[in-house]
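1. Sequence first, then the predicted structure, then my questions.
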Amino acid sequence: MGHVVVFAPAPVLTVTVEGQHGEPEIHIHAGGQGTWHARMLRALGVEVTMCSVIAGETGRLLRHLIDDEGIELLAVDGSAHNGAYIHDRRDGERVSIAEAGGDRITRHDLDELYGLTLKAGMDAGTVMLSGAVREDIVPATIYRRLASDLNTVGCQVIADLSGQRLSMALAGGLSVVKTAHDELEADGRAASTDVPELVRAMQQLTSEGASHAIVTRADEPTLLLSDGELSEVQMPTLEVVDTHGGGDSLTAGVAAAMADGADFQEAVTLGAAAGALNVTRHGLGSGTRETVHRLRELVSIRPLDSVGDE
């Protein structure tokens, strides 16, 4: 069984109202991208360590919730508070009732978090770099520094980022970068979400420091670029309950497989299965190991000799 460290600087407390038999159900969980990564990794049977700053009333609840999921939490006791949100999903769509992004992480807390992540990464060998709800909660430069130092000490570094955080992580060097088609367009890396533009953007990602690039495209096949070869992931389309967290589950599946010694394409098949299962569920980053591995048998990767193959 592999071991993956998740750099999740600022988890958030999530409160979601669901409807069941005409009555409201209230669900309280730890959330945020890094938490969703860690949850899927744990579901896949991987040993997981989350490195985070935990603070305030929301932080006290988060400690218990994360621990209850069997995730090891290496936490810096912060001086402010973690974020939280309340969503209403009784009508099938997420409606935001209230959101608080949390406070910026102080320099002293950030130094402690950096040291925890570096040490844990050296012990595990595989590290995922996750984002945070607020863009300014940590300086983007920490992603470049962490990627560079983790590479120096021999770690596999996998990033699921966009914007300036993505640029910084690439500058430090990545084993795998995963992003989404609309994020590439929003970042100005692609002029549109047409395949030729996405391919050009993926080539840029690899030239900037990623060994392998993954671009998800909602309900269209995911694109891969590895060693200059372009391919797409074929996966049967399942009924969607909630698209949130599907890409995060894919990245977690890739990290789980690579931590266990799989090559890139083998890792992507597990990731694609994890992502496909997650969108059929209400819980973000959730699923069962057995179902993911069964779905993996249905995943195939098709080489694209040229953009015109799409």
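-> Thanks, I have the structure now. Numbering: from 1, shown residues only.
2. mind listing the strands for this protein?
-> Here the chain has its strands, by DSSP state E, at 3-7, 12-20, 23-31, 47-54, 72-77, 83-88, 95-100, 126-129, 156-160, 174-180, 210-217, 220-226, 229-234, 300-303.
3. For those strands, please prepare CSV with the additional fields mean pLDDT, mean neighbour count and distance to Asp136.
-> Where C-beta positions appear, they are placed from N, C-alpha and C, glycine not excepted. Putting these into CSV (pLDDT from 0 to 100; neighbours: other Cβ atoms under 10 Å; distance: least, Cβ to Cβ, whole Å) gives the following:
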stretch, mean pLDDT, mean neighbour count, distance to Asp136
strand 3-7, 98, 28, 17
strand 12-20, 92, 18, 15
strand 23-31, 94, 16, 19
strand 47-54, 97, 26, 14
strand 72-77, 97, 17, 18
strand 83-88, 95, 20, 12
strand 95-100, 94, 11, 14
strand 126-129, 98, 28, 17
strand 156-160, 97, 27, 19
strand 174-180, 97, 25, 20
strand 210-217, 96, 23, 24
strand 220-226, 94, 20, 30
strand 229-234, 94, 18, 34
strand 300-303, 92, 13, 38
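4. among these, which is nearest Thr288?
-> strand 47-54 (15.9 Å; Cβ to Cβ).
5. What are the contacting residues of the closest one?
-> 1-11, 34-35, 38, 41-42, 60, 62-63, 66, 71-78, 82, 105, 109-110, 113, 116-117, 120, 124 (Cβ atoms under 8 Å, 6 or more residues apart in numbering).
6. Let's see it as PDB, backbone CA atoms only.
-> Listed next in PDB are the C-alpha coordinates belonging to strand 47-54 (Å, rounded to 0.1, in the frame of the first residue of the first chain):
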ATOM      1  CA  GLU A  47      -2.100   5.700   3.700                       C
ATOM      2  CA  VAL A  48      -2.800   9.400   3.700                       C
ATOM      3  CA  THR A  49      -1.300  12.300   5.600                       C
ATOM      4  CA  MET A  50      -2.800  15.800   5.400                       C
ATOM      5  CA  CYS A  51      -0.600  18.800   6.200                       C
ATOM      6  CA  SER A  52      -2.800  21.800   7.200                       C
ATOM      7  CA  VAL A  53      -3.300  24.800   9.400                       C
ATOM      8  CA  ILE A  54      -6.200  24.300  11.800                       C
END
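7. just the angle between it and strand 23-31, please?
-> Computed by axes from the mean of the first three to the mean of the last three Cα atoms, to 10 degrees, the angle separating strand 47-54 from strand 23-31 equals 90 degrees.
8. List the contacts of Val153.
-> If you count contacts by Cβ under 8 Å, 6+ apart, Val153 has them with Leu118, Gly121, Met122.
9. An error on my part: the question was meant for Leu13.
-> By Cβ under 8 Å, 6+ apart, Leu13 lies in contact with Ile28, His29, Ala30, Gly31, Thr58, Leu61, Leu62, Leu65, Asn82, Gly83, Ala84, Tyr85.
10. I figured the fourth one was touching Ala10, is that so?
-> No. Counting by Cβ atoms under 8 Å, no contact exists between Gly31 and Ala10, whose distance comes to 10.8 Å.
11. contacting residues around the closest residue to Thr106 other than its chain neighbours?
-> Nearest non-adjacent residue to Thr106, counting by Cβ to Cβ, 6 or more residues apart in numbering: Ser79, 5.8 Å away. Shown in contact with Ser79 (Cβ under 8 Å, 6+ apart): Ala55, Thr106, Asp109.
12. Same list (those residues) but as JSON lines, adding distance to Ala169, pLDDT and neighbour count.
-> Shown next, in JSON lines, are the contacts of Ser79 (distance: Cβ to Cβ, whole Å; pLDDT from 0 to 100; neighbours: other Cβ atoms under 10 Å):
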{"residue": "Ala55", "distance to Ala169": "25", "pLDDT": "96", "neighbour count": "23"}
{"residue": "Thr106", "distance to Ala169": "22", "pLDDT": "95", "neighbour count": "15"}
{"residue": "Asp109", "distance to Ala169": "20", "pLDDT": "96", "neighbour count": "20"}
